[in-house]
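Peer 1: starting from these lines, generate the structure:
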Amino acid sequence: MQATVAKGFQDVFKEPEGSKVAPGLCVVCKGSKMLCGKERCPLMVKFHSQSRSMRLVEGKELAGCSPPAVFVGRYGYPKVEIGPLLPPLMGDTSLLDTPERWVGKSIDEIVDFRYSMVRGMHRIDARDFASGGRIVDQVQEMALMRDPTELEASFSRRPAGRLVLDDEVQPFGPSAPLTGMRMGNGYFQRDMEKAYNDTDLKATEAVVRLYHEGVMISDIQKALSVGTLGVGKRRRFVPTRWSITAVDDTVGQHLLSSTKHNPTIDDFRIYQWEELDNRWCVMLMPCSWRYELIEAWYPNTTWNPYGREVSMVSDHEFFDGRKEYARIGGCYYAARMAVNELLINERRQAGAVIFREAHPGYIMPVGVWNVRENVRAALTTLPYRYETLEQALQHVDRTMDIPRDRWIRNSGILKDMLTQRRLDDFI
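Peer 2: Sure, this is the predicted structure:
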């Protein structure tokens, strides 16, 4: 057992390329002195979770119930690694890969969910996967499954872990090259199976159809990722992080095409939310569609480890949308989709500005789902309503630590609202 833990400990401190921690600092600190300035050591949180799961993975064979979950890598695209995510557990493991159910869970719980799953890797050509063998077919079948699926996997070596921080995808546990897998019987999700069999249905249309049929966003993302959606000859495996944003953007744009034709809301609204030491204010304004996400990362958070000041970044769009990919990344599209879900439900349109403060307790990124699901959750609460923008900004001032003047300096939408004259100003 000591040898197993020691090996796992060495793997933890193989820092990924682009690491934000100074070389050698973790070795001196050993997770006890907090030399990086964080309240808790993210490597140790991950290590403890990983060591618990590694004790259950003793050799080259593993059996369990996949949630079901799959992963498609992006490095070396189009030559990428694909495979299942498999926990050494039997029974209902669906929670491990359903971020829609993670709001209210702690960082430790979420890390445990993800690090309990072993990733099998099988290399294919994402654009020409027909020759990928039976494993390709099985991975596609897994992504369409309705319930957790019994799976036996064989690896070329004992799975081992290497920790990588990524703001786009959820963490995952140890991995190893896959030599074979055997699946138990199961049932496909009916709507997903129909989309899979319809080889004349474009991927965009399939994503929108599945969304309206009530399929969870995370399930649609998996189906798109493993090449089960789209016109037959044009189907491709899509890296998981790309498929996540592609689905958020596709659904968001579809909803927005209707939102823009609806009447505006009648007042200024503020929705408040706090989760995982992230503080949110979602402001909706009675005007035509415009949207902005502003993120403030405090010192000693993942993306601002050495700064002495709060680091802020924002992206926005006006009624005609934007052509460039948002600097903030997938979070921008996830939050935009969540806002449009509310507006569609109310048959209204509005301007939206989302304020996010990531405080030091947010010790590691857990994936884009964190933004999508927490903005969704915020928008289920009763909003504070105001008659003027000034009153709404005063509320932001009271709720957020950062003063409103700094939010405004980093905002394209708020500066426009405060400086541009409109017809309403003359009535």
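Peer 1: what sits against the spatially most central residue of the chain?
Peer 2: When Cα atoms, centre = their mean is applied to the chain, the residue found nearest the centroid is Val368 (2.2 Å). Listed by Cβ atoms under 8 Å, 6 or more residues apart in numbering, the contact partners of Val368 are 167-169, 244-245, 248, 329-331, 334. Heads up, the C-betas are built off the backbone N, CA and C, glycines and all.
Peer 1: phi, psi for the residue nearest to it when sequence neighbours are not counted please.
Peer 2: Nearest residue to Val368, sequence neighbours excluded (Cβ to Cβ, 6 or more residues apart in numbering): Gly330, at 4.2 Å. Dihedral pair for Gly330: phi -60, psi -30, per degrees, to the nearest 10.
Peer 1: contacting residues for Gly330?
Peer 2: The neighbours of Gly330, taking Cβ under 8 Å, 6+ apart as the test, are 167-168, 241, 244-245, 248, 368.
Peer 1: quick one: the strand or helix carrying Pro177 to chain centroid distance?
Peer 2: Taking DSSP states H and E as the definition, Pro177 sits inside strand 175-183. From the chain centre to the centre of strand 175-183 is a distance of 25 Å (Cα atoms, centre = their mean, to the nearest Å).
Peer 1: next one: stretch 256-269
Peer 2: The answer for stretch 256-269 is 26 Å, by Cα atoms, centre = their mean.
Peer 1: now it: buried residues?
Peer 2: 256, 259, 264-265, 267-269 (16 or more other Cβ atoms under 10 Å).
Peer 1: hang on, the earlier thing: out of the contacts of Gly330, what pair is the most spread apart?
Peer 2: Farthest apart among the contacts of Gly330 by Cβ to Cβ are Asp167 and Asp248. That separation is 13.8 Å.
Peer 1: who has more neighbours, those two?
Peer 2: Asp248 (27 against 18; other Cβ atoms under 10 Å).
Peer 1: what segments of the stretch 301-427 of the chain are strands?
Peer 2: Under the criterion DSSP state E, counting those that start in this stretch, the stretch 301-427 of the chain contains strands at 311-317, 351-358, 384-386.
Peer 1: okay if I get these as a markdown table plus mean neighbour count and mean pLDDT?
Peer 2: Listed next are those as a markdown table, based on neighbours: other Cβ atoms under 10 Å; pLDDT from 0 to 100:
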| stretch | mean neighbour count | mean pLDDT |
| --- | --- | --- |
| strand 311-317 | 19 | 93 |
| strand 351-358 | 25 | 97 |
| strand 384-386 | 17 | 98 |
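Peer 1: returning to what we had before: which of the buried residues of stretch 256-269 fall in helices?
Peer 2: Among these, DSSP state H puts 256, 259 in helices.
Peer 1: from the buried residues of stretch 256-269, which ones fall inside strands?
Peer 2: Within those, residues falling in strands by DSSP state E are 268-269.
Peer 1: buried ones in stretch 147-162?
Peer 2: Applying 16+ other Cβ under 10 Å to stretch 147-162 flags 148-149, 151, 153-155, 158-161 as buried.
Peer 1: least confident of those?
Peer 2: Within these, Gly161 has the lowest pLDDT, namely 70.
Peer 1: and that residue, how far from Pro171?
Peer 2: Distance from Gly161 to Pro171, counting by Cβ to Cβ, to the nearest Å: 10 Å.
Peer 1: in a strand, Asn262, correct?
Peer 2: No. Assessed by DSSP: H, G, I helix; E, B strand; the rest coil, Asn262 does not belong to a strand; its assignment is coil.
Peer 1: any idea of the pLDDT on the residue lying closest to it once chain neighbours are set aside?
Peer 2: For Asn262, the nearest residue in space outside its immediate sequence neighbours is Gln349; the separation is 4.6 Å by Cβ to Cβ, 6+ apart. With respect to pLDDT, Gln349 scores 97.
Peer 1: quick check: Gln349 touching Leu343?
Peer 2: Yes. Shown here, Gln349 and Leu343 form a contact pair, counting by Cβ atoms under 8 Å, at 5.9 Å.
Peer 1: find residues that contact each of these two.
Peer 2: Counting by Cβ under 8 Å, 6+ apart, the contacts common to Gln349 and Leu343 are 259, 262.
Peer 1: straight-line length of stretch 251-265, end to end?
Peer 2: 22 Å (Cα to Cα, to the nearest Å).
Peer 1: now stretch 57-72
Peer 2: 22 Å.
Peer 1: just to revisit the earlier point, for Gln189, see how far away the residue nearest to Val368 is.
Peer 2: Separation of Gly330 from Gln189 (Cβ to Cβ): 24 Å.
Peer 1: cool, and Pro299?
Peer 2: From Pro299 to Gln189 the distance is 44 Å (Cβ to Cβ).
Peer 1: and Ser66, by the same measure?
Peer 2: On the measure of Cβ to Cβ, Ser66 and Gln189 end up 15 Å apart.
Peer 1: and the two? which has more neighbours close in?
Peer 2: Using other Cβ under 10 Å as the criterion, Ser66 and Gln189 rank with Ser66 on top: 29 against 20.
Peer 1: hey, what's that one bridged with?
Peer 2: Judged by DSSP bridges, the bridge partners of Ser66 are Thr149.
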